[in-house]
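Visitor: based on what follows, work out the 3D shape:
(chains A and B)
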Number of protein chains: 2
Amino acid sequence: MTVVYAGVEKWRKISDRIDARMSELLPPESEVPGALHAAMRYAALSPGKRVRPMLCLAFATACGADDKVALDAACAIEMVHAFSLIHDDLPAIDNDDLRRGRPTCHKQFTEAIAILAGDALFALSGEIMLSTGNVEACKILAAAVRRLVQGEMLDVLSEGQEINPETLRFIHVNKTGALIAASCAIGALLADAPPELVAKATEYGEAIGLAFQIADDVLNVEGDPSQTGKSVGSDAERKKATYPALYGLADAKAKALELAAEAEDCLTVFPGDVEPLRALARFSIERLH
Amino acid sequence: MTVVYAGVEKWRKISDRIDARMSELLPPESEVPGALHAAMRYAALSPGKRVRPMLCLAFATACGADDKVALDAACAIEMVHAFSLIHDDLPAIDNDDLRRGRPTCHKQFTEAIAILAGDALFALSGEIMLSTGNVEACKILAAAVRRLVQGEMLDVLSEGQEINPETLRFIHVNKTGALIAASCAIGALLADAPPELVAKATEYGEAIGLAFQIADDVLNVEGDPSQTGKSVGSDAERKKATYPALYGLADAKAKALELAAEAEDCLTVFPGDVEPLRALARFSIERLH
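Guide: Purely as a prediction, here's the structure:
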């Protein structure tokens, strides 16, 4: 099953292309111990929204290139995302049993396999990114991963603590925002876009990344688990730092709307088709209505 | 405390240079959540032998370059090694309490911090390698990490199973050999050595990597924990696949001697000083007497 965006059904095709290429890029069973092979595929090809690789492809298009120049990088980005989800879900970290509507990787396999499958996906993503030959794009991805891990760490350390706006911002900007902004920048870079377009792509990514994170937090309070694939109220149970917890539901929703509008404003300077990026900015908040 | 090689005391200076540079390359506390910062430094700067970064520097010298061209890459390699040790020691994997004579990272901090400190060190190593601008060296390191993880996975899956020579070889060649061989190759690459020297460096690394692994397995059976920094007999307790378990102690030792001699034979073609590499080949087996 591939999740289909409300109003963005044509994106299913793109998602299928990403999955088909990821399937080719994942190492064959002859090279990898069986359980690790299965776990890497389970996690990387699990039914997700593929927001990050889609952003990467969409920015290659927006910059006027054929999006196939960014396909392998997009797959590398999704593998990094899969790696981060596997580790975040571990019992020692978020202890989640459910992810994308299925058992989390350590539930489906074992903790040992999940830890190592995450590590292997991260290493593989590096190999794939390096094969694009774009060193700048590789640097952006590596830096984004470290920021993602730093954000996750502060998130874990803040559980059950008094949260302040600065801490919450650090968590969101790093844990979710960094990889999303990197996805946008990498798509532009692989399209050989000039620095000012790479910067605008990053700006769009930062805004939409925060919009998505706030929307996810809101959905964790009031969402339908059959839609979100996650348990409802799990953040509150663990006293996690979230926008709704700090600002209340109404203000959190308003902030998400504002960010989505900011993201849309970034799109005017691109020479290519930006409609999918406009649709995604709207989708990020549509779920909140 | 830095471990000093028997008969190779001058290498202490090199080890101190590596640690001083790692200390500079690790991110400042202002950038990283406190516990993650402490855990990254605890693991990366813990008292180890620094074999991999030393090999990297020594092959830059052997290829006729000033070894400072390889210093940052050597630090990146040691950070990768530290990441792999943190994850291998986790309760779900090898469940070790002691590493390099100190509590393992998850014992000193928490499991969550240890998992994320490993991830952060891996990401940082990628950033540092990319800063060298040598894409080939970056590719070799990323591929080595994936092989390392694959070797570790088969090691974990083989615990308590009947082991055969083929499985044992896959584990050793990938889990330990890949990163050691990569360290040698990367040192040669950063010295702008021709492909035939890079290949010889790799060959030396493969031989010495296997010699070290066999020696470590032997020391796990009959070593002194005050020397090895690890519990004695822990492999046998977990029925791990090892050379001594499969071939017996005497044959395992003989194999290590043979590999060390093979490694020394590789050194004749290098234009620069190879004495430290010769000493290291001897050290790999000296511990066994």
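
Visitor: rest of the way, CA atoms for contacts and neighbours
Guide: Will do.

Visitor: run the chain-centre distance for the helix or strand that contains residue A:14.
Guide: Using DSSP states H and E, residue A:14 falls within helix A:11-25. Here helix A:11-25 is found 16 Å from its chain centre; the criterion is CA atoms, centre = their mean, to the nearest Å.

Visitor: list the buried ones in the next helix-or-strand element following that helix?
Guide: Going down the chain from helix A:11-25, the next helix or strand is helix A:34-44, by DSSP H and E. Residues of helix A:34-44 classed as buried by neighbour count (16 or more other CA atoms under 10 Å in any protein chain shown): A:35, A:36, A:37, A:39, A:40, A:41, A:42, A:43, A:44.

Visitor: turn these into TSV, including distance to residue A:280 and pLDDT.
Guide: Converted to TSV, the buried residues of helix A:34-44 look like this (distance: CA to CA, whole Å; pLDDT from 0 to 100):
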residue	distance to residue A:280	pLDDT
A:35	36	94
A:36	34	95
A:37	32	96
A:39	30	97
A:40	28	98
A:41	26	98
A:42	26	97
A:43	24	97
A:44	22	97
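
Visitor: now residue A:173. Nearest residue, chain neighbours left out?
Guide: Using CA to CA, 6 or more residues apart in numbering or on different chains and skipping residues adjacent in sequence, the residue nearest residue A:173 is residue A:210, 6.6 Å away.

Visitor: show me which residues of the stretch 151-289 of chain A sit near chain B.
Guide: Residues of the stretch 151-289 of chain A found near chain B (CA under 8 Å from any CA of the partner chain) are A:153, A:154, A:156.

Visitor: secondary structure and pLDDT added to those, as a markdown table?
Guide: Listed next are these as a markdown table, based on DSSP: H, G, I helix; E, B strand; the rest coil; pLDDT from 0 to 100:
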| residue | secondary structure | pLDDT |
| --- | --- | --- |
| A:153 | helix | 95 |
| A:154 | helix | 93 |
| A:156 | helix | 91 |
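
Visitor: just these now: which is nearest chain B?
Guide: Using CA to the nearest CA, residue A:154 comes nearest to chain B of these, at 5.9 Å.

Visitor: what about that closest one, how many residues nearby?
Guide: By other CA atoms under 10 Å in any protein chain shown, the residues close to residue A:154 number 24.

Visitor: that one and residue A:242, how far apart?
Guide: 12 Å (CA to CA, to the nearest Å).

Visitor: got any residues that touch both of the two?
Guide: By CA atoms under 8 Å, 6 or more residues apart in numbering or on different chains, residue A:154 and residue A:242 have no common neighbours.

Visitor: ok, the buried residues of helix A:34-44 vs chain B, which is closest?
Guide: Nearest to chain B out of the buried residues of helix A:34-44 is residue A:36 (CA to the nearest CA; 6.9 Å).

Visitor: quick check: closest non-adjacent residue to the closest one.
Guide: residue A:117 (5.8 Å).

Visitor: so the one you found sits right up against residue A:41, yeah?
Guide: No: counting by CA atoms under 8 Å, residue A:117 sits too far from residue A:41 to count as a contact (9.1 Å).

Visitor: and the helix or strand residue A:284 falls within, how far from the chain's centre?
Guide: Counting by DSSP H and E, the element that carries residue A:284 is helix A:275-286. Distance of helix A:275-286 from its chain centroid, counting by CA atoms, centre = their mean, is 15 Å.

Visitor: contacts for that helix next, please.
Guide: Contacts for helix A:275-286 (CA under 8 Å, 6+ apart): A:5-6, A:8, A:55, A:58-59, A:208, A:211-212, A:215, A:256-257, A:260-261, A:263-264, A:267.

Visitor: show the buried residues in these.
Guide: Members of those classed as buried by 16+ other CA under 10 Å are A:5, A:55, A:58-59, A:208, A:211-212, A:215, A:256-257, A:260-261, A:263-264, A:267.

Visitor: pLDDT score for residue A:57?
Guide: We have a pLDDT of 97 for residue A:57.

Visitor: residues contacting it?
Guide: For residue A:57, the contacting residues are A:67, A:68, A:70, A:71, A:74, A:187, by CA under 8 Å, 6+ apart.

Visitor: you'd agree the fourth one is up against residue A:16?
Guide: Read it as residue A:71. No: contact criterion CA under 8 Å: residue A:71 and residue A:16 do not qualify, at 11.8 Å.

Visitor: the two - which one has more neighbours?
Guide: Legend: neighbour count by other CA under 10 Å for residue A:71 and residue A:16, higher for residue A:71 (23 against 13).

Visitor: Provide the secondary structure category for that one.
Guide: Under DSSP: H, G, I helix; E, B strand; the rest coil, residue A:71 falls in the helix class.

Visitor: which non-adjacent residue is nearest it?
Guide: residue A:57 (6.6 Å).

Visitor: secondary structure element for that neighbour?
Guide: If you go by DSSP H and E, residue A:57 is part of helix A:51-62.
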